[in-house]
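Chemist: Based on what follows, work out the 3D shape:
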Amino acid sequence: MARYIGPKTKIARKFADPIFGPDKYFEKRKFPPGQHGPNGRRGKKSDYAHQLAEKQKAKYTYGILEKQFSNIFKKASNSKMITGEALLQFCELRLDNIVYRLGLANSRNGARQLVSHKHITVNDQVVNIPSYLVRMGDVVSVRQKSKALECVTNSISKNNDVLEWLEWNVDAMKGKLINIPNRDQIPENIKEQLIVELYSK
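Modeler: Residues are numbered from 1 along each chain as shown. Sure thing, here's the model as predicted:
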């Protein structure tokens, strides 16, 4: 499946937000990319442009393609929850994102690769579908034969902070979804209401 594999700093600069994680190059040049630099004239953005940019930012942040994102929005809008909050919740509950949140990978791309290569189990069953939605009570762990992978052990050694809606056992390399996150428990800087307005047109 097609994925964005281009320069990440350029995308982060476009949205003026380090959406792919800490980036020393972004810190040096926080202005949008372009040949005229930070002082180049830029016209005022329309409401539609702001809404579209927010949707694009969310897609790049979670590594989701257009059709997938549209399907997630439909699912969120059909739920009984607030559409914007439900949209982010469904994105957060994807297996690749849970693996990333547990600290088993340094990035969502890395987490997606772990899942695709069958290194991750859910309730002791191998799941290789990154978009698989984890449910409350599910236990996500590293497959026994994959626990010695250098990329996994290095990532875990740097992981000092697991979100409060997840439970993590570092010795067993297992994590559990104990709650569905509320909006204030999701750290991503995304204005989900703009996305709702865009799809409502």
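
Chemist: where are the low-confidence patches of the protein?
Modeler: 1-6, 10, 12, 15-43 (pLDDT under 70).

Chemist: if I look at the residue most central in space within it, how far off is Q89?
Modeler: By CA atoms, centre = their mean, the chain has its centre lying nearest to Y62, at 3.1 Å. Distance from Y62 to Q89, counting by CB to CB, to the nearest Å: 12 Å. In this view, the C-beta of every residue, glycine as well, is placed from N, C-alpha and C.

Chemist: The residue nearest to the centre of the chain: what's it in contact with?
Modeler: Shown in contact with Y62 (CB atoms under 8 Å, 6 or more residues apart in numbering): 91, 94, 97, 108.

Chemist: Just put those residues in JSON lines and tack on distance to I156, secondary structure and neighbour count.
Modeler: Shown next, in JSON lines, are the contacts of Y62 (distance: CB to CB, whole Å; DSSP: H, G, I helix; E, B strand; the rest coil; neighbours: other CB atoms under 10 Å):
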{"residue": "C91", "distance to I156": "23", "secondary structure": "helix", "neighbour count": "24"}
{"residue": "R94", "distance to I156": "20", "secondary structure": "strand", "neighbour count": "25"}
{"residue": "N97", "distance to I156": "17", "secondary structure": "helix", "neighbour count": "22"}
{"residue": "R108", "distance to I156": "16", "secondary structure": "helix", "neighbour count": "22"}
